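Asks: model this:
(2 chains)
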2 protein chains.
Amino acid sequence: MHFLIDGYVRGVIPDYQMSAFLMAVYFRKMDFEETAIFTDLMLHSGIVVDLSSIPGVKVDKHSTGGVGDKVSLILAPMVAACGVPVPMISGRGLGHTGGTLDKLESIPGFRTNLSLDEYKSAIGEIGVVMIGQTHEIAPADGKMYALRDVTGTVECVPLIAGSIMSKKLAEGIDALVLDVKTGKGAFMQSDEEAIELATTLIQIGNRFGKKTVGFLTDMNQPLGYAIGNWLEVVECIECMKGRIVPDLMEVACTLGGAMVMLGGKARSIQDGIVKCRDVIRNGKAWEKFVALVRRQGGDVSYVEHPEHYPKSTFVADVKCPRSGYIDNIDALEFGFVGIMLGAGRMKIDDIVDPKAGILVTKKNGESVSAGETLAVLYTEHTHVLEQAINRIERAFSIATKPSPSPALIRAFIDEHGVHPWQNRLTL
Amino acid sequence: MHFLIDGYVRGVIPDYQMSAFLMAVYFRKMDFEETAIFTDLMLHSGIVVDLSSIPGVKVDKHSTGGVGDKVSLILAPMVAACGVPVPMISGRGLGHTGGTLDKLESIPGFRTNLSLDEYKSAIGEIGVVMIGQTHEIAPADGKMYALRDVTGTVECVPLIAGSIMSKKLAEGIDALVLDVKTGKGAFMQSDEEAIELATTLIQIGNRFGKKTVGFLTDMNQPLGYAIGNWLEVVECIECMKGRIVPDLMEVACTLGGAMVMLGGKARSIQDGIVKCRDVIRNGKAWEKFVALVRRQGGDVSYVEHPEHYPKSTFVADVKCPRSGYIDNIDALEFGFVGIMLGAGRMKIDDIVDPKAGILVTKKNGESVSAGETLAVLYTEHTHVLEQAINRIERAFSIATKPSPSPALIRAFIDEHGVHPWQNRLTL
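Replies: Have a look, this model is predicted:
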C-alpha cells in the first residue's frame, strides 16, 4: 500500500494502475486494518498541521453533504463562541450538493485560500477559521479523488472514509463530529449505507486517537429554506440574529452540542446544546461570525446589511397547482435545479453565481392552497426559468391529508454503536 | 460497449478509464452475450482477412501456452501436408511460456512480419503461413492486452476469450482447434478453469460460424525435451524427420487429427490422426516445413543441417542427486529458468538468445541413478549458471517407486460438452 500511494503521489505509479486498484477496492472493499493503513498513507502524503501550541481541544465537523446544508456557517462561530476552537477545512460544491467554500466566497472579499500559517494564526486569535483544502493537505487524496470521479469509484465506503479522514486528521483536530446525511438528497440514500459509512469513519477517527461521534440526519427535503450560496448565507445570518429556522437550528445545535461536549466545555451533548442555544440568544455566535468574516477579509457591511447585496435579474414564483398538504419535497431536484439556475457547477470550471438559487416557502407537513407560492427562483439565466419552474413544481408532492414527518436526527453513533436520539430541548 | 471499445481505439477513452473497466470485468465477469459482443467489437476494430478466394476449409490451432510447447511448428506443415490450408497468426513469449514467433525467428532469415498481402499469397501458394499479429488485426486487443498486462487483469475468462477469438476470427479461418493446457506449467492451473475457458472459446467460435473444438492437455512437465527457441526447432525437425518424441507427437497428431477432420480431409479425428502419422512417415510434413521456411525467407541450410548452427558458450549438466524414479518435473520452474538463461524476456524489450535453453534428459516415470544427467543448460550468462543448476535440480522430484503418469490428453471438448478422450492409435 505504501509502494502504491507513495508511488502515485510521486508520479511513478500511473493513473491507469491506480484506477485498476480503485476499481478492485470498489468491488472487494478493504477491511478495517487496510482502511486504517490507507488513511494513514493518504494523511502522511502531505503536511499534518500541529495545533498543539493553541490552547483548548480543537473540534471540527464533517458533513457528507446535502441540499441546503449550510450548517457549518452557523456551527463554526457558535461552537467557537462556546470556547471550543474550530479549525475547519471545507470543500466546494460536489454533484447536486453545495459547498461551504462557495457559500463563504459569496461574501465579497472573503478569502478561503489562507496559507497554513495564516490558518494557524487565525485559529489562535479568534478561535475559528474556515478554509479550503490546500495542496499541502493530503495531496494523495486530491489526486485520487479526481481519478475516482472519472472512473465510477466514488461510492465506496473505505475509499470515502480514507478521503474524508485523511483530510480531517491533517487539520490538527483533537475530536470530530460527523453529520452523515441519509435520504433522497444525500449521497447515501439508505440508512444502512449511511450507518456503515458513519461506523467506519468513527472507528478510523478513534484509531488515530481523535474522539469521533456522529449523527444520522434526514436529507429527504432541503435543510432550511434557502438553496444557493448567498441566499444560504443570509438564512444563517438571520438564524444567528435570532430568527430561528427550526430544522436548520436543530441540526446545528445538536452537532454543536456534541462538539462543545467533546471540546470539554459541556458535561453532555444536551448540556452542549443548551450552551449553543445560549450563544445564539445572547448574540455571541453572531459576534464570532462577524469576527470570522472580518478576519478572513470579508466585507462585513454585507453581512450586517444583506439588503445591500446585488439582486438577481430574474425572480420567479413557483405556484401551488392544488390545495392540500406538502407530503414530500424532492431535495435532489432542488439541488439539480439550483445548479441550473447558476448556484453550482455542471463542469469543474463553471463560474458560480452567488446570488442564484431557490427560496422554499412551504415545507413538509404544511397546508397549501392552490395558487400560493411554493418557492421563489433567482437567476441570471432567463432561458432556463420555464424548465426550472416546472421541475420545482413537480418536486413538491401534495397530498390530501398531512402525513407524519420523519425524525430529522435519526440516530447518534459512537464507538459503541448506533443509539436512538431523542432531543429533549426546544431551541 | 461500442462507445468504450471504439473510443479506446480512437484515443478518446483514456487508459485510466479502460483499466477501471477491465478490473470491473475481472471481478464481475461478463455473461456469454456480453463476451460475444466484446469479441465482435475487438474483431471489427481492425481488418478481417478474407481468404474465401483460396480453396479449402482453412483451419488454425490456438494453444493457451505451456513450457516446451513447440507443437505449432510440427502441426502447421503436417496439417497442410494433409491438404488442409493452415493460416496461423502466433504470439511471442508471455510470462514463463515461449512464443511460436520467437521459435521461428531463431531460424536465420525467417520473417514473421509478412504484410497481409504476403500472408494471403503464401497460404494460397503453399497452404501454410505463420506470422505475428499485425497492427491491422484487432488493434483494440493489442492496446488492451498491453494494459491488462500492467493492471493485473490478464487472468479473466471473458477477457482472455475476447482477446484470443478476436484475433483468430480476423485471420480468415473457417474452423479452429484449441489446445487448452492445464497444470502447473499452464496459465490455467486447474481442470475447472481450463474447461471454463475452453467452453467459452468454443461457444464464441461457433457463435461466429466457425466450427471450434478443443482438447484439454496436461502441462505439468515440459512438453518434449527441449525448452528454448532453437533447441525446440531442432526437436521439431527431428520429429518431422522420423525421430518421434512421444508426448510431443501425441499432442501434435491429436490436434492435427481434429484439424484434418474439420478441414474435410478425414472422416473422424482418429482418421485424421492416421493421416497426420502418414505425412510424418512419408516425409511430406518435413517437405512442407522446408517449403514454409524457404517461403518466409528462412535459411534452409540450418534446418537441413542444424549442426551448423552457432553453439552456446556455456553448457552445464544438472546431475541427479540420488537414485529413484522421476516423480514430477516442475514445468513452471523450467519456464522461469529458461528465461534466466536468455531464452525469453523478463521485460518487453529484452533481447532473446535463440541458442539459450534447457534440454531435459529424463522425464516423468523414468528411473535415474545418482550422478546421471537430468538436464543440460545452454546460455551466454555464466553468472546465472549456478543458480540455474540449483533450481533445475530442485525442479525434479525423485521418488523411490514409479508413480503412474497422468493422461496427456485429458479430454475432448466440443459444443455438446466435455468428453473423455482415449487415443487408440500408436504413433
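Asks: Give the next helix or strand downstream of the least confident helix or strand in chain A by mean pLDDT.
Replies: Taking mean pLDDT, DSSP states H and E as the measure, chain A has helix A:139-149 as its least confident helix or strand, at a mean of 90. Following helix A:139-149 in sequence order, the next helix or strand is helix A:157-170 (DSSP states H and E).
Asks: What angle do helix A:139-149 and that next one make with each other?
Replies: Computed with axes from the mean of the first three to the mean of the last three C-alpha atoms, to 10 degrees, the direction of helix A:157-170 lies at 150 degrees from that of helix A:139-149.
Asks: how about helix A:157-170, does it get close to chain B?
Replies: No: Helix A:157-170 lies out of reach of chain B by C-beta under 8 Å from any C-beta of the partner chain, never closer than 12.7 Å. C-beta here means a position set from N, CA and C on the backbone, and glycine is covered the same way.
Asks: Mean confidence (pLDDT) on that helix, please.
Replies: Helix A:157-170 shows a mean pLDDT of 95.
Asks: what sits up against it?
Replies: Around helix A:157-170, the neighbours that count as contacts under C-beta atoms under 8 Å, 6 or more residues apart in numbering or on different chains are A:22, A:25-26, A:29-30, A:34-35, A:38-39, A:42-43, A:45-49, A:60, A:62, A:89, A:133, A:137-138, A:140-141, A:144-145, A:148, A:153-154, A:176, A:193, A:196-197, A:200-201, A:204-205, A:208, A:210.
Asks: try 7 Å
Replies: Outside of helix A:157-170, the residues that reach it under the criterion C-beta atoms under 7 Å, 6 or more residues apart in numbering or on different chains are A:22, A:25, A:29-30, A:35, A:38-39, A:42-43, A:46-49, A:60, A:62, A:89, A:133, A:137-138, A:141, A:145, A:148, A:153, A:176, A:196-197, A:200-201, A:204-205, A:208, A:210.
Asks: Go back to those and keep what's next to chain B.
Replies: Applying C-beta under 7 Å from any C-beta of the partner chain to the contacts of helix A:157-170, one finds that A:22, A:153 fall near chain B.
Asks: Give me the ChimeraX select line for the contacts of helix A:157-170, limited to the buried ones.
Replies: The following ChimeraX line selects those of these that are buried, judged by 16 or more other C-beta atoms under 10 Å in any protein chain shown:
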select /A:22,25,30,35,38,39,42,43,46,47,49,60,62,89,133,137,138,141,145,148,153,176,197,200,201,204,205,208,210
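Asks: How about the residues of chain A by chain B?
Replies: A:15-17, A:19-20, A:22-24, A:27-28, A:147, A:150-153.
Asks: switch the cut-off to 10 Å
Replies: Applying C-beta under 10 Å from any C-beta of the partner chain, one finds that chain A approaches chain B through A:14-28, A:147-148, A:150-153.
Asks: Let me see the ranges of the strands in chain A.
Replies: For chain A, the strands defined by DSSP state E occupy A:59-63, A:86-90, A:128-132, A:175-182, A:211-218, A:226-227, A:314-319, A:324-329, A:357-360, A:367-368, A:373-379, A:396-399, A:409-414, A:417-420.
Asks: Point out where chain A drops to low pLDDT.
Replies: By pLDDT under 70, the low-scoring segments of chain A are A:94-95, A:348, A:423-427.
Asks: mind giving me the domain ranges of it?
Replies: Domain assignment for chain A by automatic domain parsing gives A:2-303+A:410-414, A:311-399.
Asks: Go through those domains and pick out the most buried.
Replies: Highest mean neighbour count of the domains of chain A: domain A:2-303+A:410-414, a mean of 21 (counted as mean count of other C-beta atoms under 10 Å in any protein chain shown).
Asks: With adjacent residues omitted, what lies nearest to the residue of the stretch 51-200 of chain A found nearest chain B?
Replies: Residue of the stretch 51-200 of chain A nearest chain B, by C-beta to the nearest C-beta: A:T151 (3.8 Å). The shortest distance from A:T151 to any non-neighbouring residue, by C-beta to C-beta, 6 or more residues apart in numbering or on different chains, is to B:A20 (3.8 Å).
Asks: swap in A:V279?
Replies: In space, A:V279 is closest to A:A81, 4.1 Å off (C-beta to C-beta, 6+ apart).
Asks: pretty sure the one you found contacts A:R277?
Replies: No: look at A:A81 against A:R277 with C-beta atoms under 10 Å: they stay out of range, at 11.5 Å.
Asks: shared neighbours of the two, anything?
Replies: Both A:A81 and A:R277 are in contact with A:256, A:285, where contact means C-beta atoms under 10 Å, 6 or more residues apart in numbering or on different chains.
Asks: which residues does the residue nearest to A:V279 contact?
Replies: Residues near A:A81 by C-beta under 10 Å, 6+ apart: A:127-128, A:240, A:256, A:260, A:275-276, A:278-280, A:282-289, A:291.
Asks: rerun at 6 Å
Replies: A:279, A:284-285, A:288 (C-beta atoms under 6 Å, 6 or more residues apart in numbering or on different chains).
Asks: what ranges do the helices span in the stretch 201-350 of chain A?
Replies: According to DSSP state H, counting those that start in this stretch, the stretch 201-350 of chain A carries its helices in the segments A:229-240, A:246-262, A:269-281, A:284-295, A:300-304, A:331-341.
Asks: what about dumping the CA coordinates of the shortest one to CSV?
Replies: In CSV, the C-alpha atoms belonging to helix A:300-304 read as follows (Å, rounded to 0.1, in the frame of the first residue of the first chain):
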residue,chain,number,x,y,z
VAL,A,300,-18.7,43.0,7.0
SER,A,301,-21.1,45.6,5.7
TYR,A,302,-22.8,43.0,3.5
VAL,A,303,-23.4,40.5,6.4
GLU,A,304,-24.6,43.4,8.6
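Asks: ok, residues contacting it?
Replies: A:108, A:237, A:290, A:293-294, A:309.
Asks: Check these and tell me the two furthest apart.
Replies: Maximum pairwise distance among the contacts of helix A:300-304 (C-beta to C-beta): 17.2 Å, between A:R294 and A:Y309.
Asks: Do I have it right that A:S90 meets A:G98?
Replies: No: between A:S90 and A:G98 there is no contact under C-beta atoms under 6 Å: 10.7 Å.
Asks: picking up where we left off before, filter the residues of chain A next to chain B down to just the ones in helices.
Replies: Cross-referencing those against helices under DSSP state H gives A:15-28, A:147-148.
Asks: B:K120: which of the residues you listed is nearest?
Replies: A:Y16 (36.3 Å).
Asks: and the closest one, what is it in contact with?
Replies: Going by C-beta under 6 Å, 6+ apart, A:Y16 touches B:15-16, B:19.
Asks: now do A:L104
Replies: So A:L104 contacts A:110, A:112, A:130 (C-beta under 6 Å, 6+ apart).
Asks: now the least confident helix or strand of chain A, how far from the centre of its chain.
Replies: Distance of helix A:139-149 from the chain centroid (C-alpha atoms, centre = their mean, to the nearest Å) equals 19 Å.
Asks: do the same with stretch A:131-145
Replies: Counting by C-alpha atoms, centre = their mean, stretch A:131-145 comes out at 18 Å from the chain centroid.
Asks: Let me see the residues that make contact with it.
Replies: A:5, A:9, A:42, A:45-47, A:89, A:101, A:112, A:114, A:119, A:163, A:166-167, A:170.
Asks: swap in stretch A:235-242?
Replies: Counting by C-beta under 6 Å, 6+ apart, A:70, A:73-74, A:224, A:226, A:245, A:249, A:285-286, A:289, A:303 sit against stretch A:235-242.
Asks: quick one: A:V9 from chain B, how far?
Replies: A:V9 sits 16 Å away from chain B, going by C-beta to the nearest C-beta, to the nearest Å.
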